[in-house]
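Engineer: Just to be clear, the model below is a prediction. Sequence and coordinates:
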Amino acid sequence: MAEQHRQAAKARALAQTPEQRKAAAAAGAAARWAKAEPDRAELPQAEFGDDARPISIGDIRIPCYVLDDERRVLTFGGMQDALSMAKGGSMVPGMNRFELFVSRERIKPFISSELLDRIRNPIVFLSPSGKRSYGYEAEVLVEICEAVLTARASPAGLQVQQQQIAHQCELIMRGLARVGIVALVDEATGYQIYRKRDALAKILEAYISKELLPWAQRFPLEFYEGIYRLHKWDDLDPASRAKPGYVGMLTNALVYERLPDGVMQQLKSQNPVQSSTGKRRFKHHQFLTDDIGNPHLEKHLAKVIGLMQASDSWLEFKKLFRKVFKVDEDEVPRGRGSMRI
C-alpha cells in the first residue's frame, strides 16, 4: 500500500510543471517538518556560534552552532551548499533534499537505517538571532560523505549528476582528516573556551572543599627543617606554627603553585589576606578536599622533601626542583629577602 501511494505521488508530480512541483514539494516538506516540530519554547537554543562565523574546509563554508544540550549542529542550507546540492524542494512531496538524495538507487544501499532516520528528522533549533533553524549533528555530514564515496567506489558507481557531490564529499573528508569535525565546530563557535572553563571548574570542584576543613598538620616538620638547613638558618622553632613571611612565599612557590592551574587563585580568593592583620585567617590546605586536594598536596610535599634531603645547598635544591617539576628559574625564590617568585 505504501508503495502504491509513493508511485501515485510520483505520477502526480511528473504531471505538474517544474514550478508546480517545486512549490508542492516545498509545501509538503514544510508541512512534514512542522507537524513534528515542538513549540518555540521547547526548541533547543544555540548557545555558541555566530551566523557570520562558519567552519571553513578549504573554500567550503558551513554555518555551525553548539546547542544548549551540547549537540554540535551544521545548518541544513550550509550542508546543501557544501555538497553542491540543488536548493529548493524535491520532486517527491514530503521528502527533504537530503532524504531524496540518499534514497537514490546508487546511494541507498550504503545508508544505514539509523542515518536515514536522522536525515528524515532534521534538528529544529533557535539560532542566536532567535530564528527557527534546521540542521543536523555534525557527524551526519561525515556519514553522508562516507556513504557517497563508498558508493562511488562500488561496481555500480554513481550517476553523472552525482559525481559533483562525490567530488565535494572527497574535499570535505580530506579536510576533516586534518582536523576532527567536533574540534572544528568548537573552534568556530568559541565553544573550546567554554570547555576550558568547564574543565577548570571540575578541577576546582575536585580540589577545593565546599566547607572549611578543621585545621590539621599537613606540612611535616621535615619540610621546614629542609628549608632552614639549605638556607643555613638556625632559628627554627619546631613548637611554633608561626613562620617568617618569606617561608610562606617559599611554601606557595614550591607547593601550592604546583597544584593544577586555577587552584592557587581560588585558594587566595577564598582565603584572602586580612587587612587588619596582614595575614590569612586560615591555612590554605583547610580549603582542599580530603579525597583529592590534600592527598595530592601530601604526595607533592613528599617529593619536595626528598629533593631537599638529597641536596647540600639551596642552589642545588633549586636545580633539582626545576628539573623534576619543569619550572623556570624565576619561579623558584632565590634566597631570603628576595621578593621574586
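Structural biologist: Received the coordinates, thanks. In this text, all values refer to a predicted model and were calculated from it rather than measured experimentally.
Engineer: gap between the closest residue in space to L254 that isn't next to it in sequence and F219?
Structural biologist: Spatial nearest neighbour of L254, excluding adjacent residues (Cβ to Cβ, 6 or more residues apart in numbering): V304 at 5.6 Å. C-betas here are computed from N, CA, C, even on glycine. For V304, the distance to F219 equals 10 Å [Cβ to Cβ, to the nearest Å].
Engineer: picking up where we left off before, I'd guessed the residue nearest to L254 sits against V255; true?
Structural biologist: Yes - in this structure, V304 is within contact of V255 by Cβ atoms under 8 Å, at 6.7 Å.
Engineer: Which of these two has more residues huddled nearby?
Structural biologist: Shown here are V304 and V255; by other Cβ atoms under 10 Å, V304 has more neighbours (22 against 19).
Engineer: was I right about F101 contacting A166?
Structural biologist: No - assessed by Cβ under 8 Å, F101 is found out of contact with A166, at 11.5 Å.
Engineer: Give me the domain ranges for this structure.
Structural biologist: 2-189, 206-331 (automatic domain parsing).
Engineer: Mind putting those domains into TSV with mean pLDDT and distance to R195?
Structural biologist: As requested, those are exported to TSV (pLDDT from 0 to 100; distance: least, Cβ to Cβ, whole Å):
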stretch	mean pLDDT	distance to R195
domain 2-189	81	7
domain 206-331	84	14
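Engineer: Pick the most buried one from those.
Structural biologist: Mean neighbours per residue, mean count of other Cβ atoms under 10 Å, is largest over the domains of the chain for domain 2-189, with a mean of 16.
Engineer: Need the three-state assignment for M249.
Structural biologist: Of the three states, M249 takes helix according to DSSP: H, G, I helix; E, B strand; the rest coil.
Engineer: my bad, L320
Structural biologist: When classified by three-state DSSP, L320 comes out as helix.
Engineer: Not counting sequence-adjacent ones, nearest residue to it?
Structural biologist: Closest to L320 by Cβ to Cβ, 6+ apart is L307, at 4.8 Å.
Engineer: which SSE is that neighbour in?
Structural biologist: helix 293-309 (DSSP states H and E).
Engineer: hmm, back to that, from G226, how far out is the residue nearest to L254?
Structural biologist: 8 Å.
Engineer: got it, and F287?
Structural biologist: 24 Å.
Engineer: same check, this time on S112
Structural biologist: In this view, S112 and G226 are 63 Å apart by Cβ to Cβ.
Engineer: Helices of the stretch 101-250 of the chain, start to end?
Structural biologist: Assignment of helices within the stretch 101-250 of the chain using DSSP state H, counting those that start in this stretch yields the ranges 113-120, 138-153, 160-178, 181-189, 191-207, 221-231, 245-254.
Engineer: The lengthiest strand in the chain pairs with which strands, and in what direction?
Structural biologist: When the chain is parsed with DSSP state E, its longest strand is strand 132-137. Strand 132-137 has the following strand partners under DSSP bridges: strand 72-75 (antiparallel), strand 123-126 (antiparallel).
Engineer: So which of those strands is nearest D261?
Structural biologist: strand 72-75 (25.9 Å; Cβ to Cβ).
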